[in-house]
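Novice: A predicted structure for the sequence below; I have some questions about it.
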Amino acid sequence: MLHKVNPPDCQAELNELIGYQRKVLQFAVRNTAYSDQGFRAVMGNDFVDWINKGWNHSLRRVHRVFRTFLQNIQMLTKQPRLEKEQVLTQFENDQDYFDNLDNPHFVFSFDVNSKQTHEIARDVLVGFYNLLGIGFPQVLFPFSIEDGIFRKINVVEGFKNTNAFIQYVCPCCDNNFADTIRANIEGYTLEHYFPKSLYPAICLHPLNLIPMCEGCNSRKSDDDPIRPSALAPATIPLPELFHPIKRPVSTKVNLVFSSRKPKLDFKAIYPPPDYRPSIDSYDAFYGIPSRWENVWFRIEGRMDRCIKQAIRYFKMQGKIITQENFNYIIEVALEELQIEIGREQFAYPAFHWLNWQLKTSFENLYCSYLSEG
């Protein structure tokens, strides 16, 4: 959310799965009880054959996922028709959420706590995401799928293909994925920005799956970005809500410092709006400033490398370092850091820290590097 993330290159595959979610809800609306024949008529033979095969899978873990999925569908068909129709209507409404992030009047309408029907429908929709962990076969897609199966790791690769930097840097905290405790093999986890427990209608939406390090993922948990518990009862308007694809933090706020010690905060670049509720929410979810303060020596090290590299280049030209041309050296270092923002670990806070020092304590900065020769 700190840096802009491009959508994965597997949007077509995810949209195809959303189509299957829609068909399941349509099947439940049309039927008052489950039948294999009726399910096939709506979902197609290939889908039902695959579900039945999973039901009979020899691995208990796989069998349990398919069994739970099908049992939830069976329970959904038995719910009141009017409530099932509401579920389908609300599902369609929420699918348009991304196109309405600038619309202050848009409201997510799928309320998982409103009725038992919605709770069961949530389990059905989230069940599709759980099946993604096992993988959907080629036969369910009208186009070619690499390796003949589409699973969660393909979404991971889809983000890597469109965002080269996220192989190295978490877009939420600017830290290195390899530094994450219990990091996944692929370096990060897929976070539902709008949590699937609260917004099941978009649990497979390609613009709701965001790559994050495990540290950011676990901190946010299932908190609601629109109604963050840390700010209750405040509600953040959609046009002021940070979103890593639509409205990343770094495009709307600057990092600011209150002293030479790294006391950090975010401040809106061009108010209004001041994005204060969103900033407070971001801090409450991910604790970025405090986490950066704990590893500040590494951020200073990133800045230090840029300055020393600029000094070496300057000396290679046979020039003597003076206070006047040291200002130029800092500008060169700032330019290099700015180029690397969002692509290299800690370039973002190092850039802002150096820029702040340039404005508030340039002479001290100059003296510290002059003393090093």
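Specialist: Noted; the coordinates are in hand.
Novice: Check the protein for me, the residue farthest from its geometric middle.
Specialist: Largest separation from the mean C-alpha position in the chain: residue 318, at 48.0 Å (Cα atoms, centre = their mean).
Novice: wait, is that one part of a strand?
Specialist: No: counting by DSSP: H, G, I helix; E, B strand; the rest coil, residue 318 is not part of a strand but coil.
Novice: The chain should start at 879 in everything you say after this.
Specialist: Right, with 879 as the first residue, what we last looked at is residue 1196.
Novice: Got the phi and psi for it?
Specialist: As for residue 1196, its main-chain torsions (degrees, to the nearest 10) stand at phi 80, psi 20.
Novice: and it, what pLDDT?
Specialist: At residue 1196, the pLDDT value in this model is 83.
Novice: and what of the one 10 residues further on?
Specialist: pLDDT recorded at residue 1206 is 89.
Novice: Tell me the gap between the helix or strand where residue 1188 lies and the middle of its chain.
Specialist: Using DSSP states H and E, residue 1188 sits within helix 1174-1194. From the chain centre to the centre of helix 1174-1194 is a distance of 32 Å (Cα atoms, centre = their mean, to the nearest Å).
Novice: List the buried residues of whatever helix or strand comes next after that helix.
Specialist: Using DSSP H and E, the next helix or strand after helix 1174-1194 towards the C-terminus is helix 1201-1218. Residues 1204, 1207, 1208, 1210, 1211, 1212, 1214, 1215, 1218 are the ones in helix 1201-1218 that count as buried (16 or more other Cβ atoms under 10 Å). Heads up, the C-betas are built off the backbone N, CA and C, glycines and all.
Novice: which stretches of the chain form helices?
Specialist: According to DSSP state H, the chain carries its helices in the segments 889-908, 914-921, 923-933, 938-955, 959-973, 994-1012, 1030-1040, 1092-1098, 1154-1164, 1166-1172, 1174-1194, 1201-1218, 1225-1238, 1240-1248.
Novice: okay if I get those helices as JSON lines plus distance to residue 1116?
Specialist: Below are those laid out as JSON lines (distance: least, Cβ to Cβ, whole Å):
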{"stretch": "helix 889-908", "distance to residue 1116": "21"}
{"stretch": "helix 914-921", "distance to residue 1116": "33"}
{"stretch": "helix 923-933", "distance to residue 1116": "34"}
{"stretch": "helix 938-955", "distance to residue 1116": "29"}
{"stretch": "helix 959-973", "distance to residue 1116": "13"}
{"stretch": "helix 994-1012", "distance to residue 1116": "22"}
{"stretch": "helix 1030-1040", "distance to residue 1116": "23"}
{"stretch": "helix 1092-1098", "distance to residue 1116": "18"}
{"stretch": "helix 1154-1164", "distance to residue 1116": "11"}
{"stretch": "helix 1166-1172", "distance to residue 1116": "22"}
{"stretch": "helix 1174-1194", "distance to residue 1116": "33"}
{"stretch": "helix 1201-1218", "distance to residue 1116": "30"}
{"stretch": "helix 1225-1238", "distance to residue 1116": "25"}
{"stretch": "helix 1240-1248", "distance to residue 1116": "42"}
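Novice: Could you list the low-confidence segments of the stretch 929-1078 of the chain?
Specialist: 1055-1066 (pLDDT under 70).
Novice: Show me what the helix holding residue 1188 packs onto, helices and strands only.
Specialist: helix 1201-1218, helix 1225-1238, helix 1240-1248 (3 or more Cβ pairs under 8 Å, 6 or more residues apart in numbering; DSSP states H and E).
Novice: residues contacting the spatially most central residue of the chain?
Specialist: Closest to where the C-alpha atoms of the chain average out (Cα atoms, centre = their mean) is residue 1088, at 2.5 Å. Shown in contact with residue 1088 (Cβ atoms under 8 Å, 6 or more residues apart in numbering): 879, 883, 1049, 1050, 1068, 1069, 1070, 1071, 1122, 1123.
Novice: Among the residues you listed, give me the pair with the biggest separation.
Specialist: 1049 and 1070 (15.0 Å; Cβ to Cβ).
Novice: ok, and for the helix holding residue 1188, which residues are buried?
Specialist: 1176, 1177, 1178, 1180, 1181, 1182, 1184, 1185, 1188, 1189, 1192.
Novice: still on that earlier bit, settle it for me: which of residue 1049 and residue 1070 has more neighbours?
Specialist: residue 1049 (26 against 22; other Cβ atoms under 10 Å).
Novice: Residue 1068 is in contact with residue 1089, isn't it?
Specialist: Yes: using Cβ atoms under 8 Å, residue 1068 makes contact with residue 1089 at a distance of 6.5 Å.
Novice: which stretches of the stretch 1079-1228 of the chain aren't confidently modelled?
Specialist: In the stretch 1079-1228 of the chain, residues with pLDDT under 70: 1108-1111, 1138-1140.
Novice: Could I get the contacting residues of the nearest residue to residue 1185 once chain neighbours are set aside?
Specialist: In space, and not counting its chain neighbours, residue 1185 is closest to residue 1211: 4.7 Å by Cβ to Cβ, 6 or more residues apart in numbering. For residue 1211, the contacting residues are 1181, 1184, 1185, 1187, 1188, 1232, by Cβ under 8 Å, 6+ apart.
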